[in-house]
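In: Predicted model follows, preceded by the sequence.
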Amino acid sequence: MNWIRFALWLSAIYFAYYAALICWDFLRSSKLPEDKNSHELSFEEYSEPVREIPDTEPQIYDSSVLSSGGVSLKQLFNLAREEAIEYTRPVSF
């Protein structure tokens, strides 16, 4: 028996097995009762909506940081030249 014949036999066995399973499911589904909602579960949970109250006072932090947004690479090198940021390795300009 060579590999091609083995592969053909194996694929034929798998095809027959899965075809039998599909036929078995079709035959079994025709015997089921007509009530299709018999196995359906549904859950409903009521929750009260919560309204968030916005803060009226702005939060002020004791920090020298003016902005926490990101900067571009060019701005990063400019900040390094001005020694406005602390860096641990030398940066090639």
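Out: Here it is on my side, so go on. Numbers count the residues shown, from 1 in each chain.

In: now the helices: where do they sit in the protein?
Out: Using DSSP state H, the helices found in the chain span residues 3-30, 73-81.

In: comparing those, which gets the lowest mean pLDDT score?
Out: Among those, helix 73-81 has the lowest mean pLDDT, at a mean of 83.

In: In CSV, could you pull the C-alpha coordinates for it?
Out: Output of helix 73-81 as CSV, limited to C-alpha atoms (Å, rounded to 0.1, in the frame of the first residue of the first chain):
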residue,chain,number,x,y,z
LEU,A,73,10.4,63.2,17.6
LYS,A,74,11.6,66.6,16.4
GLN,A,75,10.1,68.2,19.5
LEU,A,76,11.7,65.6,21.7
PHE,A,77,15.2,66.4,20.3
ASN,A,78,14.5,70.1,20.8
LEU,A,79,13.5,69.5,24.4
ALA,A,80,16.7,67.5,24.9
ARG,A,81,18.8,70.3,23.5
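
In: Give me the buried positions along it.
Out: Of all the residues in helix 73-81, not one is buried under the rule 16 or more other C-beta atoms under 10 Å. (C-beta placed from N, C-alpha, C; glycine too.)

In: Can I get the helices of the chain in a markdown table including distance to residue 52?
Out: Shown next, in a markdown table, are the helices of the chain (distance: least, C-beta to C-beta, whole Å):
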| stretch | distance to residue 52 |
| --- | --- |
| helix 3-30 | 50 |
| helix 73-81 | 35 |
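
In: of all the ones you listed, which lies closest to residue 47?
Out: The closest of these to residue 47 is helix 3-30. By C-beta to C-beta, the value is 38.1 Å.

In: gap between residue 20 and residue 30?
Out: 16 Å (C-beta to C-beta, to the nearest Å).

In: what's the answer for residue 82, then?
Out: 81 Å.

In: Also residue 74?
Out: For residue 74 relative to residue 30 (C-beta to C-beta), the value is 72 Å.

In: what does residue 51 give?
Out: With C-beta to C-beta as the criterion, residue 51 and residue 30 are 54 Å apart.

In: same check, this time on residue 41
Out: Counting by C-beta to C-beta - residue 41 and residue 30 are separated by 24 Å.
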